[in-house]
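Novice: Got a sequence here, can you model it:
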Amino acid sequence: MNNCVTVDSIDVQARRTPRIYAMFTLYPNQDWTPSSMPIIFRQQKFVEQALALWVRPRHDAVYLARCCGPPVRGSPTVQDTMTDWFHSFAMVQGAALLSIVNMSRKTFGLDTSDLPQDPYYPQTDPTGPSFLDTEGCLCALQVTPAGGAPEPAWQCIGDQSKGSIYTIRTGRWFNTLNGIGNSNGPINDASNPPDIEKPKRWLSGALRDSPGSDGLSVYDSACTGKNNTRFSTSFYEATAQINAGQQPYSAAPCYRQGAVPIEIQTVESWQANGCSPGFLCENNTVNSIPQYCPPLDACQMARLASFTCSFGGKNAGMGPFEPVVCQAGNYCPEEDNGKVSIVCPAGSYCQPGAATPTPCSVGSRCPAGSSYELFLIPLVILIIVDVLMIAGMVTYRFRKRLRDHQSNKSRRPTLKRGMSSMKAQITGYRALSEDADREMLPMSATYVPNRTDSYGGGFQAALDLGSEYSVNVRPTSEMLNPQLMAFVSSMRRATDATNLGLSFSYSDLSFHPKKSSKMILQNVTGSIDRGTLTAVMGGSGAGKSTFVNVLMGKTKNTGGTVAVNSSPDKLKRYKKVIGYVPQDDIVLPELTVYENIVHSAKIRLPQTWSTADIESHVDSVIDCLELSHVRNSLVGSVAVPVISGGQRKRVSIGMELASAPMAIFLDEPTSGLDATAASSLMRTLKAVARLGITVIVIIHQPRTEIFENFDNLILLGNGQTIYEGPQAEVQDYFEGLGFGFPKHSNHGDVVTDIITGNGRDYKQMGEISKDSLISKWSDHHQSLAPKERHVSSIMSNHGMYAAIKHRGAPLYRQAWLCLRRAMLQQYRTKAAFWAEMGLAALAGFLLGLAEHSKKGILFTGTFKEPYSILSTAVDFKSAPELALLVSIAVGLVSGAPGVKTFSEELLVHRREAEAGHNRLAYFLAKVVSVLPRMLFGCLHFTTFLFILTVPVINWGLAFLTNFFYFYCIYGLASIVSMLVRREDAPLFATMISLIVAILSGAAPPLAKVKEWHLEWLWRASPGVWLAEIYFGQLVSPFAYLYDVDSAAAATGFHLNWLWRNMGVLVGIGTIYRVVAFLAMIFGQSRRR
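Specialist: Okay, here's the model as predicted:
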């Protein structure tokens, strides 16, 4: 044994006494003794004895004389082998300092008196039939030492360290099954096996029945006498190799040459717990306790890469007695103590280390031997949903076209007659029927209008009324055409009034903005009669818009008084009966002309009106605005026009007229229109005023024909009044101040030049400044006699307030109407919807493709004790990183679409809110309307993601988690849309979504964040709650196999916060929406 390496032991007790070996790796070339071991090693509470294992350095190859053979050039020494393993093991465990493990006594190839038992290795040369039974006991057929004729019997011993089986009488005995056998036969003679049904013991010089285990050692009591052919084959081969003078490779406890096995379980642990769940211990018994062997180089590299050692496609230990984790696609039942590995049945899947098969979800594909679940039902559902949505959209479009065709067909005679009448007025000829074969004849008197200067149909027909019509006289059917009469009748019904319109008077109006030393509006006094078309004119910065806003009660920090129908009050109380048309055509481009107008009517008309009444009123408005021919046309946008600019402006006016207002304010109604369209629009407004509705317009520089349509003018300069009175008297007033109006000039241009201080061309001498004009008007106004104002005869203030109170649909009705409109908008933007679905599917596919190679194995931890030494490199990052990628993908997919929920129509909302629409109803409707969009987007994303990543998370649970995260991102995008300019909002939303995804706790790990005392910041992000769900669901199922608590501690996540995390995600998404709602109410948007 001079060439053999020995293991020095200290204070060796009886055999199999647990021993603790300290394996120090930082200084492999230093001899360590118990006295030189660091004090920390000897002070561990669980260390009973500090026993050092060291291998003395040798520069030549060292082997056992018997089993290692001659040195091989280039082969590493035993010390080198162990040192390599120590370093690799330290890397796997994350500690390069110390690994303390329980060991037993016997290791192949070294001093057999002090190393783990190897039942394959024959301690004594067999002299007759022998075998190893199922518990690793050595059974030999031998002659019993009783008196009389020798009767061979089988003796089975578990503890071979007590001596040769041929010299001791312990263990279990069995008679031969077939009578007397030949105890000197071949070693593998199985012709006369033991009678295992009748176990015996050698007691008092004879074999006696002993069915129990009393008096037997724990090793011998396990003996079964049943031949384990696999064990026995290795035993026979080792015996033959020894007898042939060869190395007994078949009995090697480790596959690495010269490796030292380490017992990783005690006998007590094995008896109490057996093989750990998820492991295959097919060679382990109480007589062959699980061992650890230093791995081969290839295997070591695999373990460092988080892979299990495998040969021929099967997991393999580094020694016959080293447990291996159960093969993927197989499971190792606990009830069999890890002795067998069973192919996973169809309908279930078994990931590596499965102790039981996991049932697959209904509809999933799991053939026999599956290691993961392929989710097919979600894919089928996705295909069905997409097909149904496409079919539904096609059907809806076809039916709508059919309805529109029928509707147009029913209206065609009226339209033809209307167009014929218009052509007759223009050409002086009448149209003949299509079957008439004659030339156009001069018109008969039947088609001659009442006036030669007729303005045409629609509202403009009101301009044809004679002088007998007055705003104080109830019109009759003889005075008005059917369309106008229908409009006036519905207006009277909506206002509970005989006559329409409101009158306003105001005194000393002023406006002083906060943090400004300058008054923008001051000392503005005047009145507006009902049934008049009043123009507010002035140069840029004159205070026109400010005056209207102060008059309407839209602005704070104001002064002065306002009276409505001669009763002091605030116009804000009358907002439900006052319309406001902004300068820009703020309408929804996805809706048709009719849909835009009818929505306004349903929201703002009295609650008592039926749907038929509302639609009839809307029809009359559309007819009077001469929009019937584009009734079912989309409005479009300025960038993508569908109808003309003039028609868009009429739609905007129609949305206000549909609410049956008593007064309408318009800001620059002719802006952006050509001369013809502007003139036509102003004639329409003149006609509306002729019916009794008060119309106030802000206008900058009107053309002559437009200027002449005004009844009254309010001219402003520097925020004060320059003139207020009839349009017909403005020339006389300024001529009285010395200004001359050139012949054939545009009086509108002349007045504009004068009030902007550019009137020198019209006054050669004297003051022309705005201040002088303001002073002269003040003096002139004081000299005027008080003007008689119309006193309301419509109703008392109490009755007026009661009528206003019943205006507008209730909250639930408004919410339903807004929801229907929002869903219709999404239908009309089908291209954007399908683009979002395609992006969601693509994101899920690419993310799944990135994780596909892992086959659902997204977590690898340290095996639970006592098998932790068998662990591969841990993988705590894959699960959080998957959540991180999901967070980023969802943010990229839903951030920009979430912004568009509100940002594209904030101006529309502001206009509607100022008109009395309920803000909460609108907001709730928009939030609910995108839920199906989020649902379908999440379905596309999750389906493709899970088809490729095949994780162990339940698909429904993952879908719910992803949906809640979509909910959060859409809510976050809503906040962005309220605070950021529309052009920048998508970029900001995407960037902020990326930030909250980074704060998911994947990198940097949440555990590190806790050290920084910044967990509160991470917890404010929905990403960390999503990651915690993914981590918990990917890790918790392996709690039987891995030390998941150490994984949770290393990452900082909680494993059992599933529903808490779900609730927090919903809460965060809801809080985002509350903040967005408050921002919508109080925030000042800078969009245009």
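Novice: use CA for all of it now, contacts and neighbours both
Specialist: Fine.
Novice: Spatially, and excluding backbone neighbours, which residue is closest to Lys1010.
Specialist: Gly1052 (7.7 Å; Cα to Cα, 6 or more residues apart in numbering).
Novice: cool, and Thr124?
Specialist: Ser164 (6.1 Å).
Novice: Can you report how many residues lie near the one you found?
Specialist: Neighbour count of Ser164, defined by other Cα atoms under 10 Å: 15.
Novice: How about the secondary structure of it?
Specialist: Applying DSSP: H, G, I helix; E, B strand; the rest coil to Ser164 yields a three-state assignment of coil.
Novice: Give me the distance between it and Ile289.
Specialist: 21 Å (Cα to Cα, to the nearest Å).
Novice: cool, and Gly838?
Specialist: 57 Å.
Novice: The residue nearest to Thr124 and Asn182, how far apart?
Specialist: With Cα to Cα as the criterion, Ser164 and Asn182 are 20 Å apart.
Novice: ditto for Arg1060
Specialist: 73 Å.
Novice: and if you look at Trp777?
Specialist: 142 Å.
Novice: still on that earlier bit, the residue nearest to Thr124 against Gln123, yeah?
Specialist: Yes - with contacts counted by Cα atoms under 8 Å, Ser164 reaches Gln123, the gap being 7.2 Å.
Novice: In the longest strand belonging to the chain, which of the residues would be classed as buried?
Specialist: The longest strand of the chain (DSSP state E) is strand 194-203. Under the neighbour-count criterion of 16 or more other Cα atoms under 10 Å, strand 194-203 has 194-196, 199-202 buried.
Novice: wait, what's in contact with Gly856?
Specialist: 372, 949-952 (Cα atoms under 8 Å, 6 or more residues apart in numbering).
Novice: Looking at these, which are in helices?
Specialist: Thr949 (DSSP state H).
Novice: and which of the contacts of Gly856 is nearest to Gln583?
Specialist: Nearest to Gln583 among the contacts of Gly856 is Thr949, at 54.0 Å by Cα to Cα.
Novice: give me the number of residues near that closest one?
Specialist: Neighbours of Thr949 (other Cα under 10 Å): 26.
Novice: Help me confirm that it comes into contact with Phe845.
Specialist: No - at 9.3 Å, Thr949 does not count as touching Phe845 under the criterion of Cα under 8 Å.
Novice: any idea how far the residue positioned nearest the centre of the chain is from Val1066?
Specialist: When Cα atoms, centre = their mean is applied to the chain, the residue found nearest the centroid is Phe966 (2.2 Å). Look at Phe966 and Val1066: by Cα to Cα, they are 10 Å apart.
Novice: now swap in Thr134 and tell me
Specialist: 57 Å.
Novice: In terms of neighbours, single out the busier of these two.
Specialist: Taking neighbours as other Cα under 10 Å, Thr134 and Val1066 compare with Thr134 leading, 22 against 18.
Novice: these two touch, right, that one and Asn227?
Specialist: Yes - here Thr134 reaches Asn227: they are 6.2 Å apart, a contact under Cα under 8 Å.
Novice: mean confidence for stretch 941-948?
Specialist: For stretch 941-948, the mean per-residue pLDDT is 95.
Novice: same question, stretch 832-844
Specialist: 95.
Novice: just how off-centre is that stretch within its chain?
Specialist: Distance, stretch centre to chain centre, for stretch 832-844: 13 Å (Cα atoms, centre = their mean, to the nearest Å).
Novice: what does stretch 607-615 give?
Specialist: 41 Å.
Novice: State the distance spanning the first to the last residue of that stretch.
Specialist: 14 Å.
Novice: you'd agree Met1062 is up against Phe964?
Specialist: Yes - with contacts counted by Cα under 8 Å, Met1062 reaches Phe964, the gap being 7.5 Å.
Novice: between those two, who's got more neighbours?
Specialist: Between Met1062 and Phe964, counted using other Cα under 10 Å, the more crowded position is Phe964 (25 against 19).
Novice: Over to the more buried one: give its phi and psi.
Specialist: phi -60, psi -30 (degrees, to the nearest 10).
Novice: one step back: go through the buried residues of strand 194-203 and say which is closest to Phe504.
Specialist: Ile196 (115.2 Å).
Novice: Which segments of this structure make up each domain?
Specialist: 19-113+253-315, 130-251, 504-576+660-787, 811-856+866-1082 (automatic domain parsing).
Novice: Of all these, which one is nearest Val587?
Specialist: Among the domains of the chain, domain 811-856+866-1082 sits nearest to Val587 (Cα to Cα), with 6.4 Å.
Novice: Contacts for stretch 537-547, please.
Specialist: So stretch 537-547 is contacted by 509, 511, 520-521, 536, 667, 698-701, 713-720, 752, 755-756 (Cα under 8 Å, 6+ apart).
Novice: Which of the residues in that stretch are classified as buried?
Specialist: Buried residues in stretch 537-547 (16+ other Cα under 10 Å): 537-539, 542-547.
Novice: can you pull the alpha-carbon coordinates of it into CSV?
Specialist: Extracted as CSV, the C-alpha positions of stretch 537-547 are listed here (Å, rounded to 0.1, in the frame of the first residue of the first chain):
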residue,chain,number,x,y,z
MET,A,537,-65.1,92.6,-32.9
GLY,A,538,-61.6,93.9,-32.1
GLY,A,539,-58.0,93.5,-33.0
SER,A,540,-55.7,90.8,-31.6
GLY,A,541,-55.5,91.1,-27.9
ALA,A,542,-58.5,93.3,-27.7
GLY,A,543,-60.2,91.0,-25.2
LYS,A,544,-62.9,89.4,-27.4
SER,A,545,-62.5,85.8,-26.2
THR,A,546,-61.9,87.0,-22.6
PHE,A,547,-65.2,89.1,-22.7
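Novice: for it, what is the average pLDDT?
Specialist: According to the model, stretch 537-547 has a mean pLDDT of 88.
Novice: how far does that stretch sit from the chain's center?
Specialist: The answer for stretch 537-547 is 48 Å, by Cα atoms, centre = their mean.
Novice: now the strands for the stretch 901-1050 of the chain?
Specialist: For the stretch 901-1050 of the chain, applying DSSP state E, counting those that start in this stretch gives no strands.
Novice: Below-threshold pLDDT in the chain: ranges please.
Specialist: 1-114, 145-150, 407-480, 495-500, 785-801, 1084-1088 (pLDDT under 70).
Novice: give me the number of residues near Ala675?
Specialist: Ala675 has 14 nearby residues by other Cα under 10 Å.
Novice: contacting residues for it?
Specialist: Counted by Cα under 8 Å, 6+ apart, Ala675 has zero contacts.
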